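*Asks:* turn this into a structure:
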Amino acid sequence: MADLDLQLVRGFTVVAEHRHFGRAAAELHLTQSSLSRQIVRLEQQVGARLLDRTPQGTRLTEAGEAFLPLAADLLQKAANATAHARAVARPSRITVGYTGNLIVTPAVRDLRRRHPGAEVRTQHLAWDDARAALLEHRADVAVVRLPLRAAGLHVTVLYDEPRVLLLPSDHRLAGKESVTLDDIADEPLPRALDPEWDAFWRVDPRPDGRPAPGGPLIDAIEDKIELVASGQAVAIIPAPPGNVTGFRPDLTTVPLADVEPAQVAVATRAGERNRLVAAFRKCAEALLTRPE
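*Replies:* Sure, this is the predicted structure:
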């Protein structure tokens, strides 16, 4: 059997995405006839027809439906293998990812001081992108808030952060010394798509087994803050540093008295061999502590 040509596989996935040869060819900077010939060659290599053209466009055959997820996985694995090989071949380069408002500057500065010839880059990551960024080699190390699914990763906790309640400045609970989960038993809290993250940051279920109240579904921290400011929800968040009373004048925070703290951690790929990754981990453990 002939080996699959990844260029042909890539062409197939683009056609499958657009369900249209013309649009796919434009994205790939090919002519339609050239792309058609590539699909024919791929079908010959696979030994099955993958696409059918119809008056309404292009559709996947039954074999094409079965092949598509495997083709996408094959392309991703090839990209990961290439990135990993480049990282091993060029150990003087590292990308440090970080999420939220976490500060990595002291560790990055110390790493640059200890390895002056290294190329040390930083990259902000979305709250739910750290794991993918590491496994896809877009970042070599990430400073994140837990929970984080640890399969395939090496995770070390750096410090704890108390959790507090974020609410409008004119909320009935604003100004209290502390509140409990019973105080917000009926208050809606924004929901996240990630089930583990959602459960932790909404304390769902509650210690007595009751489910946390529902709330609007969000995928960005900015949306959560706007929901709270508009009075549609309250939110459980990491306590801001001692000299910060809120995110903006119309918001405030109140300590939560009966919940475990959040944790900030440094995460890398399991078995990572880049010496700069190990060096950054040591810098992070020594220098990244909870801001006062």
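*Asks:* helices along this protein, start to end?
*Replies:* 6-18, 21-28, 32-46, 62-89, 105-114, 130-135, 195-202, 221-229, 275-287 (DSSP state H).
*Asks:* would you single out the least confident of these?
*Replies:* Among the helices of the chain, helix 62-89 has the lowest mean pLDDT, at a mean of 84.
*Asks:* out of the helices of the chain, flag the one nearest Leu146.
*Replies:* Taking Cβ to Cβ, helix 195-202 is the member of the helices of the chain nearest to Leu146, at 7.7 Å. Quick note: C-beta positions are derived from backbone N, CA and C, even for glycine.
*Asks:* what comes up buried for the closest one?
*Replies:* Residues of helix 195-202 classed as buried: Trp197, Asp198, Phe200, Trp201, Arg202 (neighbour count, 16 or more other Cβ atoms under 10 Å).
*Asks:* in TSV: those residues, plus distance to Ala265.
*Replies:* As requested, these are exported to TSV (distance: Cβ to Cβ, whole Å):
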residue	distance to Ala265
Trp197	14
Asp198	19
Phe200	13
Trp201	15
Arg202	20
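*Asks:* what is the nearest of the residues you listed to Asp160?
*Replies:* Set against Asp160, the nearest of those by Cβ to Cβ is Phe200 (13.5 Å).
*Asks:* so who does the closest one touch?
*Replies:* Leu146, Pro147, Ala262 (Cβ atoms under 8 Å, 6 or more residues apart in numbering).
*Asks:* without its sequence neighbours, what residue ends up closest to the first one?
*Replies:* On the basis of Cβ to Cβ, 6 or more residues apart in numbering, the spatially nearest residue to Leu146 that is not a chain neighbour turns out to be Gln263, at 4.6 Å.
*Asks:* pLDDT value on that neighbour, please?
*Replies:* The predicted local confidence for Gln263 is 96.
*Asks:* filter the contacts of Phe200 to the buried ones?
*Replies:* Leu146, Pro147, Ala262.
*Asks:* okay, Gln56 and Arg19: tell me how far apart.
*Replies:* Computed as Cβ to Cβ, to the nearest Å, the Gln56 to Arg19 distance reads 9 Å.
*Asks:* still on that earlier bit, number of residues surrounding the residue nearest to Leu146?
*Replies:* Each residue near Gln263 was counted by other Cβ atoms under 10 Å, and the total is 18.
*Asks:* quick one, what contacts it?
*Replies:* Arg145, Leu146, Val157, Leu158, Tyr159, Asp160, Glu161.
*Asks:* let's go with 7 Å and repeat that
*Replies:* Residues counted as contacts of Gln263 (Cβ atoms under 7 Å, 6 or more residues apart in numbering) are Leu146, Val157, Asp160.
*Asks:* nearest residue to the last one other than its sequence neighbours?
*Replies:* The spatially closest residue to Asp160, leaving aside those adjacent along the chain, is Pro261, at 4.1 Å (Cβ to Cβ, 6+ apart).
*Asks:* counting neighbours, what do you get for that neighbour?
*Replies:* The tally of other residues near Pro261 (other Cβ under 10 Å) stands at 14.
*Asks:* relative to Pro147, how far out is it?
*Replies:* Pro261 is 13 Å from Pro147, by Cβ to Cβ.
*Asks:* ok, Arg138 next?
*Replies:* Applying Cβ to Cβ to Arg138 and Pro147 gives a distance of 21 Å.
*Asks:* what number of residues lie near Pro211?
*Replies:* For Pro211, the count of nearby residues is 9 (other Cβ under 10 Å).
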